[in-house]
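Q: Let's see this in three dimensions:
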Amino acid sequence: MAKYLLRRILYIILVLFIVSFVIFMLFRTMPGDPVDMFLPPEMAAGMEAAEFAIQRQEIIDTMRLDEPHVVQYFYWLAAVFQGNFGQSMETRLPVIDHIRQPMTNTIVFNIINMILVFSITIPVGIYCAIKRGKTFDNVALVGSMFGISTPTFLVGLILIVTFVVLLPGNFFPMFGMASVMPPDSGTLAWYLDRLRHMALPLTATLLVSLAALMRFTRSAMIDTLNMDFVRTARSKGLPEKTVIYIHAFRNALIPIITVMAGWFIMIFSGTMAIELTFQWQGMGVIMLNALNLRDIGVLMTMNVFYALIAFTVILLLDIAYVIADPRIRLQ
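A: Next up, the predicted model:
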């Protein structure tokens, strides 16, 4: 186990180096002058020619733009090892400060969503597999088809029209993360206000997520319930709950764990469609703005961070397979 983990960690470091190098080269070879992002025409218009030349040269010297791209990459890598991830072109703040609050918003939103999704889909998927072909299963399948075929942003718009426009009271806000005059931070009223603003975007994400994962859990359980070892367990007179929740469900965990790993990665990437629909200040909006502005510091930091999270989750996924099924061995 120790040798396997060490080898995988070394692979992760190597792949991260390759990924960061490729992404850096792609951004640096894109058309356009990076200096123009820091000195847009409207800012340059109010400067004297000499002042503009000085400002431009300072940016070139700071970002090492007069060096070859490979040399620039290693300067960037050295700065990262020192905790300096660059400066955001959008806010002129250090990248870490620029993404800290949106990252927190995205993580909180998606963790709550993930807890609700798995606490609902796993029991419903198991029940649908047990009641295959019955009324409950058919209704759930029809509802899941609607959820799968409907884009998340459209579900969000339907919720806005239904609960904000048509229904009286306006209890649920249409946009934003907090009231114009929010309660004092950290109080119960402040948390309730945040939950009230989170209700509609969370419901939209939840409805779409439930559909796909419920069908996935149902299919995994149906395949497992048709296996010989389940029939053997029933023939031995074991209680039905023991057969389903201990024997069958444990063997159906492998595909479910795989889906959970993908969801964990999504926690950090954000849900761009929902964030744009409800003006939720998360990482989806930050990444979209960074792409529009060619904010290389933010883009590099987030892409490398997502790659690190993905590789780490894949490693934990392999370990989870061994825990769920002792027949699997790490080699």
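
Q: now the residue lying closest to residue 315 once chain neighbours are set aside: how far from residue 314?
A: Leaving aside its sequence neighbours, residue 315 sits nearest to residue 8 (C-beta to C-beta, 6 or more residues apart in numbering; 5.3 Å). To be clear about C-beta, it is placed using only N, CA and C from the backbone, and glycine gets the same treatment. Note on residue 8: its distance to residue 314, by C-beta to C-beta, to the nearest Å, is 9 Å.

Q: Test my guess that residue 301 contacts residue 97.
A: No - using C-beta atoms under 8 Å, residue 301 is not in contact with residue 97, being 11.6 Å away.

Q: circling back: what is the mean pLDDT for the helix or strand encompassing the residue nearest to residue 315?
A: Using DSSP states H and E, residue 8 sits within helix 2-28. Throughout helix 2-28, pLDDT has a mean value of 85.

Q: From the contact counts, what lies against that helix?
A: The helices and strands touching helix 2-28, judged by 3 or more C-beta pairs under 8 Å, 6 or more residues apart in numbering; DSSP states H and E, are helix 69-81, helix 296-324.

Q: re the thing from before, residue 8 and residue 314: who's more crowded?
A: Ranked by neighbour count (other C-beta atoms under 10 Å), residue 8 and residue 314 place residue 8 first, with 17 against 13.

Q: My guess is that one contacts residue 317. True?
A: No - with contact defined as C-beta under 8 Å, residue 8 does not reach residue 317; the gap is 11.2 Å.

Q: Output the helices and strands packed on helix 2-28 as CSV; include the columns mean pLDDT.
A: Below are the helices and strands packed on helix 2-28 laid out as CSV (pLDDT from 0 to 100):
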stretch, mean pLDDT
helix 69-81, 85
helix 296-324, 82
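
Q: Tell me which of these approaches residue 275 most closely.
A: helix 296-324 (14.4 Å; C-beta to C-beta).

Q: tally of neighbours for residue 109?
A: With other C-beta under 10 Å as criterion, residue 109 counts 23.

Q: who touches it in this structure?
A: Applying C-beta atoms under 8 Å, 6 or more residues apart in numbering, we find residue 109 in contact with 198, 201-202, 271, 280, 282.

Q: before we move on, the earlier item: most packed of the helices and strands packed on helix 2-28?
A: helix 296-324 (a mean of 17; mean count of other C-beta atoms under 10 Å).

Q: Next, the angle helix 69-81 makes with that one.
A: Interaxial angle, helix 296-324 versus helix 69-81 (axes from the mean of the first three to the mean of the last three C-alpha atoms, to 10 degrees): 60 degrees.

Q: Between helix 2-28 and helix 296-324, find me the angle.
A: Using the same axes, to 10 degrees: helix 296-324 against helix 2-28 is 160 degrees.

Q: Helix 296-324 packs against which elements?
A: helix 2-28, helix 95-130, helix 253-269, helix 283-293.

Q: and the shortest one, which residues are buried?
A: Counting neighbours by 16 or more other C-beta atoms under 10 Å, one finds that the buried residues in helix 283-293 are 283-287, 289-290.

Q: Contacts only, for the closest residue in space to residue 77 that isn't next to it in sequence.
A: Nearest residue to residue 77, sequence neighbours excluded (C-beta to C-beta, 6+ apart): residue 20, at 7.2 Å. Residues in contact with residue 20 (C-beta under 8 Å, 6+ apart) are 73, 77, 300, 303-304, 307.

Q: For burial, what's the neighbour tally of residue 219?
A: Residue 219, neighbours per other C-beta under 10 Å, totals 15.

Q: Before I go, just wanted to say thanks for your time.
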